[in-house]
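1. everything below, folded, please.
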Amino acid sequence: MKTIGTKLALQVALVLILLGSAMLLRAEQEDSFSESAITVCNKGTVPVEVVVAIKKSDFPFRAPGTYYWRIEGTTVVPQDCTTVRDDEDPAYVAFGFTDSKGEWGSGKIAQVPDLGSVQRSMFGKEEKVLTGAAKPMCVRKDATLYASDDELSLDCAGVKVKSEDAKHGHGAFFPLTSALYFYPDSHNCGKPSVGELNFCPASVYDLNISPSGTDRELHATPGTESDAAAARDRRDTQSRPAGAVPASFGQGTRNTMFRGRKVVTRNDGGDRRWFYEDGSPVEQAYQLTGTVASPLFDYRPKAGATLSQVEIARLVPIVTALSQEVAKGPRGGRLTEQGQYLDFLQHDLPSMTCIVREYANDVGTVHFCANLLTLDLARAEVKETLVAIPCRADATCVISAGAPRAMDPTGVVTLWNQRLSVSLATTLSIWTTGRERGQAIVALLTEYANWQAKLGEPTPVTSVP
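-> Numbers count the residues shown, from 1 in each chain. Prediction:
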């Protein structure tokens, strides 16, 4: 019996020893495969422990062909969700809860929801991602974490857990039988170019359960990512005492605009989190909690600032030339046939300009966005295949957004009417095909930013005593 952390650490260490420097030489050229996850939301009236048992290879920790099981469970209260993270390995999913008779046992699913199908080989048939399966295992009643070599132990009284894993859950182990077999899709995101961000979105699946406790049925249905997002917002709101959400322009507040919406925070006290005018919290992915100013806040039009027809006629060629230069991409415009190119979009966010990378192999679109006036174009670093433009004062001014990633559920927000995974950066990167093109892009961006400076200014942060 080994702890989860010890086993994974030793596996990684042994792989590095075996592969050595060859791995480092090949790393940037190897294919990248997506992660996967299933989010389970409890829409019922009783708490449910969601448990997964995943069969993992134990090589090179032990001999080739050996394996172990990772068993992990957490209790999900009504109207909350949990995300089970994994790679492409299949997993048995079990549900344990106490019914109206006071008996704790396994939840059942009479009709398995259809979460899609996967063709796992070129000539193979499509297989369901989620199917029914009864696999016995041993779990605690509140939370579970342990690893078991070879077969799953059915002697619950004899389950031994190392001290590092024992803090997960309390009490004895009890038998529980799975209701589902989850075999996710893991797609190949291809080989990233040298110096390119490896943005490989996850295969994320959503499942709702609605147990009433009057029987063992879970009443499972397909879920949506918005179900999980609503649960996170509800959890955040419920954790705050009454009156914790400040009123817009109320006493003792700071107020400004973010993504086209009014936002407010307290001048002092509490965690200084920002809230939208409707009382919902600004997503933590934007890292605004505790800040009194941010280059991510909106810019607004200057009072009375307009462009004449002559000025507009001069501006249009600048934007057109900039679009053409960026669109040529790291390997030339012919890569558009492969769905791998750069494009220039204006104002995808209020007051922001976005460089958009379209990845091949159905990975999706990644937006790299910043207000041009927050970029220090004078410090732009032009390399052979990349232009790196830092934010002024090295602040965080760049938002990158792409398809949701399972390993970062708190970073998923609603943006452009889509659910996207967001992260922040202090540098805006643009891929080019040579220093000359990179210098041309910087020159055009600088000229374009000068025009924007004539028209826009930061929205002030207004403090109310």
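
2. could I get the pLDDT score of the residue lying closest to Q287 once chain neighbours are set aside?
-> Spatial nearest neighbour of Q287, chain neighbours left out: L424 (5.9 Å); criterion: C-beta to C-beta, 6 or more residues apart in numbering. Yep, even glycine has a C-beta here, placed from its N, CA and C like the rest. You'll see L424 listed with a pLDDT of 88.

3. how near is L424 to V366?
-> Between L424 and V366 the distance is 14 Å, computed by C-beta to C-beta, to the nearest Å.

4. those two: who's more crowded?
-> Neighbours around L424 and V366, counted as other C-beta atoms under 10 Å, are more numerous at V366. The numbers are 20 against 16.

5. quick check, the more buried one in contact with V398.
-> No. Using C-beta atoms under 8 Å, V366 is not in contact with V398; the gap is 12.0 Å.

6. rewinding a little: next, show the common contact partners of L424 and V366.
-> S400 (C-beta atoms under 8 Å, 6 or more residues apart in numbering).

7. just the strands in the stretch 251-400 of the chain please.
-> Taking DSSP state E, counting those that start in this stretch, the strands of the stretch 251-400 of the chain run over residues 253-258, 261-266, 275-276, 299-301, 341-346, 353-359, 364-370, 381-382, 386-390, 398-402.

8. weakest of the ones you listed in terms of mean pLDDT?
-> strand 341-346 (a mean of 35).

9. which element is the residue nearest to Q287 on?
-> strand 418-425 (DSSP states H and E).

10. next secondary structure after the lowest-mean-pLDDT helix or strand in the chain?
-> Across the helices and strands of the chain, mean pLDDT, DSSP states H and E gives its lowest value to helix 21-26, namely a mean of 32. The C-terminal neighbour of helix 21-26 among helices and strands, as given by DSSP H and E, is strand 36-42.

11. adjacent strands (with direction) for that following strand?
-> Strand 36-42 sits in its sheet next to strand 80-86 (antiparallel), strand 203-209 (parallel), going by DSSP bridges.

12. which neighbouring elements make contact with the strand holding L424?
-> Contacts defined by 3 or more C-beta pairs under 8 Å, 6 or more residues apart in numbering; DSSP states H and E place strand 418-425 against helix 225-238, strand 398-402, strand 412-415.

13. could you list the buried residues of the helix ranked longest in the chain?
-> Ranked by number of residues, the top helix in the chain under DSSP state H is helix 435-455. Buried residues in helix 435-455, counted by 16 or more other C-beta atoms under 10 Å: 437-438, 440-445, 447-449, 451-452.

14. possible to save those residues as CSV with pLDDT and distance to V310?
-> Shown next, in CSV, are those (pLDDT from 0 to 100; distance: C-beta to C-beta, whole Å):
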residue, pLDDT, distance to V310
R437, 84, 29
G438, 85, 30
A440, 87, 24
I441, 84, 25
V442, 88, 26
A443, 88, 22
L444, 84, 20
L445, 84, 22
E447, 85, 16
Y448, 81, 17
A449, 83, 20
W451, 80, 13
Q452, 78, 18
